[in-house]
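Asker: have a look; sequence and predicted model below, questions after that.
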Amino acid sequence: ELNFLHKSAYTGGVDFVHKWQNKKWEFTTSLYGSSVSGSTEAIARTQNSWVHLFQRPDADYLKVDSSRTSLSGYGGKISFGEMAGNLKFLGFVTFKSPGLELNDAGYLREANNLLQVYWMGYQVYEPFSIFRQLNINFNQFTEWDFGGNLTTPGVNMNGFTQFTNLWSAAIGANFHGRTLSSNTLRGGPMMKLPGGYNMFTEISSGEEKKLTIELEGAIQRSYENHFSEFNNIELDISYRPINALKISINPEYDFSRTSLQYITQEEQNGMSRYIFGSLKRHTVSASFRINLNLTPELSLQYWGQPFIASGKYSHIKRITQPMADNYSDRFREYLAQEIGYNPGDETYTISDSGFGPITYDQPDFNVSEFLSNMVIRWEYNPGSTLYLVWSQHRESSVKDGSFHLGNDFDHLFKAKPNNIFLVKLSYRLGR
């Protein structure tokens with residue numbers, strides 16, 4: 001039985017665009033809707049899903065109805081702006097009702113929001129000094145939910161330029177105020193999270209060179225003594241020694257630390273306990289790509305990517321007052337003697353005064369994965385093609401949490417590979 005799936009799903013919409021004064025001014029609007037139906041189990045599952053979270057106890061405008069066999073919603077966008085000349089501006093509002101459900105036909109990450117954005121940009125198209133073109137942008141945004149709660153205010157500033165030697169560079173920064181998150185507690189009440197900022201930059205060489213380099217970096221920090229940071233660095237190198245061959249490698253490294261990472265929740269005596277911890281995470285990946293055209297009819301493409309991630313938890317805590325004004329009042333950190341570890345089944349047990357014990361699985365992780373794909377393409381007759389494909393997948397997972405790149409690579413390439421070989425032949429009839 002597939003009663004947990006929708007039996008039917010419909011969506012549709014209309015768009016309207018009006019431009020005037022030689023396309024200097026623009027007004028657009030769109031409206032769309034959705035309707036899904038199915039068993040009471042399927043619709044209850046949709047109401048409780050990450051997208052909707054109708055079960056939140058502090059949202060009096062939302063309610064899970066276990067007798068429902070259908071769910072409907074709507075969304076839309078209204079925008080107005082000046083899109084000609086050097087100085088441009090655009091303002092728009094988008095909205096998605098709590099019942100909007102598009103995931104049977106596409107992808108919807110979150111419903112129940114109303115977003116207002118104002119953008120202003122100054123663009124120079126004519127070369128001057130060392131610049132070939134220059135763009136400077138300012139964005140202001142504010143988000144609410146359908147309960148009238150201001151969930152995220154913020155601003156963004158960024159700029160992009162291409163130099164006369166065809167190198168380019170970009171830089172930007174985002175600042176956002178205190179956030180009200182409806183999904184941090186996974187169906188629990190809304191939680192107040194500190195504001196923060198992030199900055200990013202990018203520089204790349206001209207695409208016409210045999211050797212091209214692109215370097216990107218980003219940092220993210222938070223306020224209110226909230227232990228949260230993110231650092232990213234990404235390098236993209238491409239080399240074309242001859243016109244028929246291009247080799248690319250794209251290594252990337254991410255490091256993040258946060259003091260509020262969800263672990264588990266449990267309900268006892270009508271009360272829900274939300275267990276979080278501090279998480280230190282490392283992620284390393286590298287994409288390697290080769291494109292080789294042996295003849296106009298025969299080519300080879302290869303792509304491979306190792307991916308390694310580790311995460312280690314510490315400072316386990318229980319959320320106590322998720323909407324407290326002071327950050328430190330929103331949780332209570334457990335003492336070491338309140339947490340016991342059972343190595344036999346790899347679980348932790350928390351002894352919390354006033355509550356029964358709560359047990360959760362070892363959350364530390366080391367995950368490694370390798371994906372690769374090689375395709376040989378031969379057009380043996382005009383319009384008729386033979387494809388030979390080899391795909392390989394390896395993966396490894398352990399509950400350690402320590403970041404040891406050499407050990408993780410060793411575990412990965414000792415893992416048993418899963419190989420797939422495919423042959424595809426197409427033949428064109430007629431001329």
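Answerer: Arrived safely.
Asker: point out where the stretch 1-150 of the chain drops to low pLDDT.
Answerer: Across the stretch 1-150 of the chain, nothing is flagged by pLDDT under 70.
Asker: okay, strands next: where are they in it?
Answerer: For the stretch 1-150 of the chain, the strands defined by DSSP state E, counting those that start in this stretch occupy 6-20, 25-38, 70-82, 87-96, 113-124, 131-144, 150-163.
Asker: list the buried ones in the fifth one?
Answerer: So the one you mean is strand 113-124. Buried residues in strand 113-124, counted by 16 or more other C-beta atoms under 10 Å: Asn113, Leu114, Leu115, Val117, Trp119, Met120, Gly121. The way it works is simple: take the backbone N, C-alpha and C, and place the C-beta from them, glycine included.
Asker: next: stretch 176-189.
Answerer: His176, Arg178, Thr179, Leu180, Ser182, Asn183, Thr184, Leu185, Gly187, Gly188, Pro189.
Asker: hmm, who's touching it?
Answerer: Applying C-beta atoms under 8 Å, 6 or more residues apart in numbering, the external contacts of stretch 176-189 come out as 48, 50, 53, 55-59, 110, 112, 145, 149-155, 190-197, 224, 260, 262, 265, 272, 274, 319, 322-323.
Asker: now do 6 Å
Answerer: Contacts to stretch 176-189, defined as C-beta atoms under 6 Å, 6 or more residues apart in numbering, come from residues 53, 55, 57-58, 149, 151-154, 190-193, 195, 272, 274, 322.
Asker: quick one: buried ones out of these?
Answerer: By neighbour count, with 16+ other C-beta under 10 Å, the contacts of stretch 176-189 hold 53, 55, 151-154, 190-193, 195, 274, 322 as buried.
Asker: which one of those is nearest Arg289?
Answerer: The shortest approach to Arg289 among those belongs to Gly154, at 35.7 Å (C-beta to C-beta).
Asker: hey, what's the closest one bridged with?
Answerer: Phe141, His176 (DSSP bridges).
Asker: same check, this time on Ile233
Answerer: As for beta bridges, Ile233 partners with Gly217, Tyr253 under DSSP bridges.
Asker: count residues in the vicinity of it, would you?
Answerer: Ile233 has 14 neighbours, counted by other C-beta atoms under 10 Å.
Asker: go on, Lys24?
Answerer: For Lys24, using other C-beta under 10 Å, the count is 13.
Asker: may I see the buried residues of stretch 161-169?
Answerer: Quick answer for stretch 161-169 (16+ other C-beta under 10 Å): Thr161, Gln162, Phe163, Trp167, Ser168.
Asker: contacts only, for the third one.
Answerer: For Phe163, the residues meeting the contact criterion (C-beta under 6 Å, 6+ apart) are Ile130.
Asker: may I have stretch 122-132 as PDB, with CA atoms only?
Answerer: Output of stretch 122-132 as PDB, limited to C-alpha atoms (Å, rounded to 0.1, in the frame of the first residue of the first chain):
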ATOM      1  CA  TYR A 122      24.400  51.100 -11.000                       C
ATOM      2  CA  GLN A 123      26.000  49.600 -14.200                       C
ATOM      3  CA  VAL A 124      28.700  51.100 -16.400                       C
ATOM      4  CA  TYR A 125      28.800  49.400 -19.800                       C
ATOM      5  CA  GLU A 126      31.500  51.600 -21.500                       C
ATOM      6  CA  PRO A 127      35.200  50.900 -20.800                       C
ATOM      7  CA  PHE A 128      37.000  53.500 -18.700                       C
ATOM      8  CA  SER A 129      40.500  53.500 -17.100                       C
ATOM      9  CA  ILE A 130      41.300  49.800 -16.300                       C
ATOM     10  CA  PHE A 131      37.700  48.700 -16.300                       C
ATOM     11  CA  ARG A 132      35.800  47.100 -19.200                       C
END
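Asker: so how far is it from its chain's centroid?
Answerer: 33 Å (C-alpha atoms, centre = their mean, to the nearest Å).
Asker: stretch 247-265 now?
Answerer: Relative to its parent chain, stretch 247-265 has a centroid offset of 11 Å by C-alpha atoms, centre = their mean.
Asker: cool, stretch 14-27 as well?
Answerer: Averaging C-alpha positions (C-alpha atoms, centre = their mean) puts stretch 14-27 32 Å from its chain's average.
Asker: pull the residues that contact it.
Answerer: With C-beta under 6 Å, 6+ apart as the test, stretch 14-27 has contacts from Thr28, Thr29, Ser30, Leu31, Phe80, Gly81, Glu82, Met83, Ala84.
Asker: touching, the fourth one and Ile78? I think so.
Answerer: No. Proximity of Leu31 to Ile78 does not meet the contact threshold set by C-beta atoms under 6 Å, at 9.2 Å.
Asker: so for stretch 349-368, mean pLDDT?
Answerer: When pLDDT is averaged along stretch 349-368, the result is 91.
Asker: same question for that stretch: list its buried residues.
Answerer: For stretch 349-368, a neighbour-count test (16+ other C-beta under 10 Å) marks Ile350, Asp352, Ile358, Tyr360, Gln362, Pro363, Asp364, Phe365, Asn366, Val367, Ser368 as buried.
Asker: TSV for the residues you listed, including secondary structure?
Answerer: As requested, the buried residues of stretch 349-368 are exported to TSV (DSSP: H, G, I helix; E, B strand; the rest coil):
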residue	secondary structure
Ile350	strand
Asp352	coil
Ile358	strand
Tyr360	strand
Gln362	coil
Pro363	coil
Asp364	coil
Phe365	strand
Asn366	strand
Val367	strand
Ser368	strand
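Asker: which of those sit farthest apart?
Answerer: The widest separation within the buried residues of stretch 349-368 (C-beta to C-beta) is 34.9 Å, between Asp352 and Ser368.
Asker: and the residue lying closest to Pro382 once chain neighbours are set aside, which of the three is it?
Answerer: Nearest non-adjacent residue to Pro382, counting by C-beta to C-beta, 6 or more residues apart in numbering: Arg428, 7.2 Å away. At Arg428, secondary structure determined by three-state DSSP is coil.
Asker: assign the nearest residue to Asn149 once chain neighbours are set aside to helix, strand or coil.
Answerer: Excluding the flanking residues, the one nearest Asn149 by C-beta to C-beta, 6+ apart is Leu180, at 5.5 Å. The assignment at Leu180 comes out as strand when based on three-state DSSP.
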